[in-house]
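okay, here's the prediction I keep looking at, along with the sequence it came from:
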Amino acid sequence: MQKSYRVTKESRAVPLLSAARPVINLGNVSLGPVFWSALMSESAHPAALQKDQQFVPRDRESFFDAQRRNRRATWRLAFLCVLAVLVMGIPLALIVTPFLYAVTLLAADILNLLSPLPAAFWQQANEVSRFGLIAIHWLLNHQAADPEALALGAAVMLLPGAGLSVLLWVGMNGLFRNAGVGGALLALKARDPNPADLKELQLSDVAQEMAIAAGLPAPRVMLVDAPGANAAAIGTSPEDARIVVSRRLVDDLTRDELEGALAHLIGSIGNGDLRIAFRITSIFETCGLLAAVINAPFGPQSRRTLWRIIRYGIGGSRKDDPQEAAAVAEILARGVAMDTDDIDRMFDATRKKSILRSIRDFILFPIFFTNTAIKLSLWFFSGVILGPSIALLWRTRKYLADASAVQLTRNPDGLASALQKLSSDASFIPGGNWASHLFIINPGTAGGGSARPDSRQQEILARAWAASKRDAVDSTGNPAPADFATTVREFTAVQRAAFSGDAKAIERLSAARQSLSALDPELASQIPDIADLVAARRGDRAAIGRLQTLRKNEPGKKDPARDAEESEGMSSITFLAFHPPLKRRLKRLDKLGAHADLESADHKMWILTAVFSMIFAPFFVAIAALFLLLIAIMALSSLAFLMIWMAFIHAIFGFFAHR
Amino acid sequence: MRISPELAGIAIAAALFIWIIAAFNGLVALRTRVQNAWAEIDVQLKRRHDLIPNLVEAVRGYMQHERETLEAVTRARTQAVAAAGGTVQQRAEAESGVSVALRNLFAVSENYPQLRAVESVMLLQEQLTSTENRIACARQFYNDEVMKYNTAQSTFPRNLMARPCGFSPATMFTASNAERASVQVQV
């Protein structure tokens, strides 16, 4: 009795396992040439959503409760973000302020030379420097100081830098508020839907339905003809929000799934995520602008950037050009990343320099420390403190949007299966990297996922499949499958049988391959031989080698240089992704009533991760402490050099002024 | 510092007054949202009323034998248009009649594969399907808003001031028994 039970269980488990795996894994070698994996990943979806799941009591949560919980979490994390900005701002202000004083002193000295400034001004300057020195003494020598003077000293040391940052931030907000979304849409090459196309009509219909369910003005829907399947809500407010959907997503998802995906985006708009995203971007852009300002004396690159911003800000012919705004915003968002090209060029010893240039370099030398200290602290704090807390905040918004989508559709299964489908497929959208956080799932980088046969290739594959049916296993006279979907279904079934060792099925597959090579040799060359696959599963080295070369020759692979350039985005600023992992999203949707297929075998992985992080945590803390120390040293040396420089310059000017 | 009783009384009265204003305005905002949601349902119902004659005309040629089904749709529509001025309950009844008739029509049209080849019919059907969904969505939104409005009215301490200030619970747009019954298809 017991034995027979076990047998049935296994026979049921094996085909499901092989069907649910999009790419065949052999040790650490992943084998999945283009069409093979495309065929298999498509067949994986029906198995992923099993309706006949065994009933287990789950702790359910209503979507209203989930929303409330996520809103509360948003407040907590927003507080954390503000704290992170403050923590990041204090060292930054400490570094920027002396620099500002130096610039002011230089300007005052030059002015003084032309027309003597009143004595009161110099007295004021002396007072300021005295309070600043009190603060420095207290900080470095632990010298006691009365609280009032200390507070004044701290204000002297912090306020100008903080004020400059806030001013820059406000300026950035004002500058890009008017820019709108036009540039982003141009970068994505978005187009209006075609109302004569049934699928695209359905898309805009579903968007309007969801907008009605959310009680929002219907956002404009635009389409992108991109190779990936993804969708995003883009804009600065619910009024000018656009929903950008790739054509492939429209083709791939059923109406229910489309509803879920769009409800996620519209729910996100309704929750005010666009404004939050705008704020987040502006923080990073301000950091980039600060880096550009500090870099300006050294490099033509940052000077060009600054010049572009100024020209854009002043207006003129470029004010109406939305593309310019998007380009500038993108440059700034990338500015936080440490690029020292300009500095390197400056201190490149191998380059010939004129005497004038050497003098200039000597004069600018202290600023080098300021520059590096600012960049280092920007990079460190935005990557370690600000980035993760903002990423956590954004993840909460994603969960909230998922819960809102369930409220709008009352169908958690739609969104769950849409998420599964999208994340098992290529989701990269060219030109959308700067806004990767606005997409429903992480767009990833180019070249990820598998290529999909286009309609012509689909037809050829279907024809080849039908032809092989007549050749090999002479059927009972069924009509040959005409469409691709039937082919995929049959192919999956036969493939399963082939892997479990059915000789007839293997024969059928090789017959299909033969008829395919008769129809289109090029296409056939991209599909691995079934005999090889079966042999590779048994561990045949030669077969594995053949499959590997096939994989290497796979067309459609991008060159790595382009990949690196494309992967620049908001998420690259921090090591924490802006999108929650699929598994966790599905788990939460499962609580809201979805029938997602949650693998329960990964709790061991969780323990492993925990153990590893326990072991490595001290190292990370040590590295962070080292970085902090480095930043402190840089900041102090910047301060010291600036002070010497100021004294020097002031003395020279004083000498001239007395003459 | 001693606070005189008069001053304390005035402060409490002022706080109460401000709270009443805030609560009143909150309820008014909710009521406006409910009215707005109701207007949205109205718009979508109107859209359906306008689409139905087109659909009936488009499919009449192909569905000669389904005169009864088509007439039922037209009749239900006429009733719904007539009920447009009535109460929420009356309208819900009449509109659910239209929904049932349309669902019957779509179910029957499955028997006519040649309809699928006609693009205009497919587009019309998509529009009607979408309109059905929109009505459902608008109804869902309306009911959510009514729930919020009614909860706000009946929870303490706002329930003390809701009635005297002229707020009354709104009615939900519920599915009728006719709509809940499964579709009967005669083959």
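Perfect, thanks for sending it. Numbering: from 1, shown residues only, chains lettered A, B, ... in the order given.

drop to CA atoms for contacts and neighbour counts, all remaining ones
OK.

gap between the residue nearest the centre of chain B and residue A:100?
Computing the C-alpha centroid of chain B and ranking residues by Cα atoms, centre = their mean puts residue B:139 first, at 3.6 Å. Look at residue B:139 and residue A:100: by Cα to Cα, to the nearest Å, they are 60 Å apart.

can you check residue A:66 too?
48 Å.

and what of residue A:65?
Counting by Cα to Cα - residue A:65 and residue A:100 are separated by 50 Å.

and chain B, which residues reach chain A?
Applying Cα under 8 Å from any Cα of the partner chain, we find that chain B lies next to chain A at B:37, B:40, B:123, B:126, B:127, B:130, B:133, B:134, B:137, B:138, B:140, B:141.

got the contact list for the third one?
Pointing back at residue B:123 there. Applying Cα atoms under 8 Å, 6 or more residues apart in numbering or on different chains to residue B:123 gives the contacts residue A:198.

now the helix or strand hosting it: buried residues?
According to DSSP states H and E, residue B:123 maps onto helix B:119-154. Going by neighbour count (16 or more other Cα atoms under 10 Å in any protein chain shown), the buried part of helix B:119-154 is B:121, B:123-150, B:152-154.

can you check stretch B:68-81 too?
B:69, B:70, B:72, B:73, B:74, B:76, B:77, B:79, B:80, B:81.

pLDDT value on the nearest residue to the second one once chain neighbours are set aside, please?
So that's residue B:70. What sits nearest to residue B:70 in space, not counting adjacent residues and going by Cα to Cα, 6 or more residues apart in numbering or on different chains, is residue B:56, at 6.6 Å. We have a pLDDT of 84 for residue B:56.

measure residue B:56 to residue A:202 for me?
Distance of residue B:56 to residue A:202, computed by Cα to Cα: 21 Å.

related to what we said a few turns ago, let's have the residues of chain B next to chain A in JSON lines, adding distance to residue A:239 and pLDDT.
Putting those into JSON lines (distance: Cα to Cα, whole Å; pLDDT from 0 to 100) gives the following:
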{"residue": "B:37", "distance to residue A:239": "18", "pLDDT": "90"}
{"residue": "B:40", "distance to residue A:239": "18", "pLDDT": "88"}
{"residue": "B:123", "distance to residue A:239": "29", "pLDDT": "80"}
{"residue": "B:126", "distance to residue A:239": "27", "pLDDT": "84"}
{"residue": "B:127", "distance to residue A:239": "25", "pLDDT": "83"}
{"residue": "B:130", "distance to residue A:239": "23", "pLDDT": "88"}
{"residue": "B:133", "distance to residue A:239": "23", "pLDDT": "88"}
{"residue": "B:134", "distance to residue A:239": "20", "pLDDT": "90"}
{"residue": "B:137", "distance to residue A:239": "20", "pLDDT": "91"}
{"residue": "B:138", "distance to residue A:239": "20", "pLDDT": "90"}
{"residue": "B:140", "distance to residue A:239": "22", "pLDDT": "90"}
{"residue": "B:141", "distance to residue A:239": "19", "pLDDT": "92"}
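
can you show me the CA trace of stretch A:70-84 as PDB?
Taking C-alpha atoms only, stretch A:70-84 is exported to PDB below (Å, rounded to 0.1, in the frame of the first residue of the first chain):
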ATOM      1  CA  ASN A  70       3.100  49.000   4.100                       C
ATOM      2  CA  ARG A  71       2.100  52.700   4.500                       C
ATOM      3  CA  ARG A  72       3.300  52.600   8.100                       C
ATOM      4  CA  ALA A  73       6.500  51.000   7.000                       C
ATOM      5  CA  THR A  74       6.900  53.800   4.500                       C
ATOM      6  CA  TRP A  75       6.800  56.300   7.200                       C
ATOM      7  CA  ARG A  76       9.400  54.400   9.300                       C
ATOM      8  CA  LEU A  77      11.700  54.100   6.300                       C
ATOM      9  CA  ALA A  78      11.200  57.700   5.200                       C
ATOM     10  CA  PHE A  79      12.300  58.700   8.700                       C
ATOM     11  CA  LEU A  80      15.300  56.400   8.200                       C
ATOM     12  CA  CYS A  81      16.100  58.100   4.900                       C
ATOM     13  CA  VAL A  82      16.000  61.500   6.400                       C
ATOM     14  CA  LEU A  83      18.300  60.300   9.000                       C
ATOM     15  CA  ALA A  84      20.600  58.900   6.400                       C
END
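
now that stretch: mean pLDDT?
Here stretch A:70-84 scores 93 as its mean pLDDT.

low-confidence ranges in chain B?
B:1, B:175-187 (pLDDT under 70).

biggest helix in it, by residue count?
Using DSSP state H to define each element, chain B has its longest helix at helix B:5-60.

now for that helix, which elements pack on it?
helix B:67-82, helix B:119-154, helix B:158-162 (3 or more Cα pairs under 8 Å, 6 or more residues apart in numbering or on different chains; DSSP states H and E).

out of these, flag the one nearest residue A:578.
With distances scored as Cα to Cα, the stretch of those nearest to residue A:578 is helix B:119-154 (30.2 Å).

how far does the closest one sit from its chain's centre?
Helix B:119-154 has its C-alpha centroid displaced from the chain centroid by 6 Å (Cα atoms, centre = their mean, to the nearest Å).

got it, and stretch B:84-103?
10 Å.

distance of the residue in the stretch 501-650 of chain A positioned nearest to chain B relative to residue A:404?
Using Cα to the nearest Cα, the closest approach of the stretch 501-650 of chain A to chain B is made by residue A:592 at 17.6 Å. Using Cα to Cα, residue A:592 is found at 11 Å from residue A:404.

what sits in contact with each of these two?
With Cα under 8 Å, 6+ apart as the test, residue A:592 and residue A:404 both reach residue A:63.

quick check: bridge partners of the nearest residue to residue A:438 once chain neighbours are set aside?
Closest residue to residue A:438 apart from its sequence neighbours, by Cα to Cα, 6+ apart: residue A:232 at 5.4 Å. Beta-bridge partners of residue A:232, counted by DSSP bridges, are residue A:244, residue A:439.

returning to what we had before: these two touch, right, the residue nearest to the centre of chain B and residue B:41?
Yes - look at residue B:139 against residue B:41 with Cα atoms under 8 Å: they come within range, at 6.4 Å.

who touches both of the two?
By Cα under 8 Å, 6+ apart, no residue touches both residue B:139 and residue B:41.

tell me, how many residues neighbour residue A:87?
Neighbours of residue A:87 under the rule other Cα atoms under 10 Å in any protein chain shown: 14.

an error on my part: the question was meant for residue B:156.
10.

pretty sure it belongs to a helix, no?
No - assigned with DSSP: H, G, I helix; E, B strand; the rest coil, residue B:156 falls outside any helix and is coil.

quick one, phi psi at it?
phi -70, psi 140 (degrees, to the nearest 10).

quick check: it vs residue B:162, distance?
10 Å.

look through chain A and tell me its longest helix.
helix A:603-658.

so which elements touch it?
So helix A:603-658, by 3+ Cα pairs under 8 Å, 6+ apart, packs with helix A:63-114, helix A:355-381.

weakest of these by average pLDDT?
Looking at these, the bottom one is helix A:355-381 with a mean of 76.

that one: what's the following helix or strand?
Using DSSP H and E, the helix or strand that follows helix A:355-381 in sequence is helix A:387-409.

can I get the CA coordinates of the next helix or strand after that next one in CSV?
Per DSSP H and E, the first helix or strand lying C-terminal to helix A:387-409 is helix A:412-423. Only the C-alpha atoms of helix A:412-423 are listed here, as CSV (Å, rounded to 0.1, in the frame of the first residue of the first chain):
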residue,chain,number,x,y,z
PRO,A,412,-4.2,38.2,-6.8
ASP,A,413,-3.6,35.4,-9.2
GLY,A,414,-3.4,37.7,-12.2
LEU,A,415,-0.6,39.8,-10.8
ALA,A,416,1.2,36.7,-9.3
SER,A,417,1.3,34.9,-12.6
ALA,A,418,2.2,38.1,-14.5
LEU,A,419,5.2,38.6,-12.2
GLN,A,420,6.2,35.0,-12.7
LYS,A,421,5.9,35.2,-16.4
LEU,A,422,7.8,38.5,-16.7
SER,A,423,10.6,37.5,-14.4
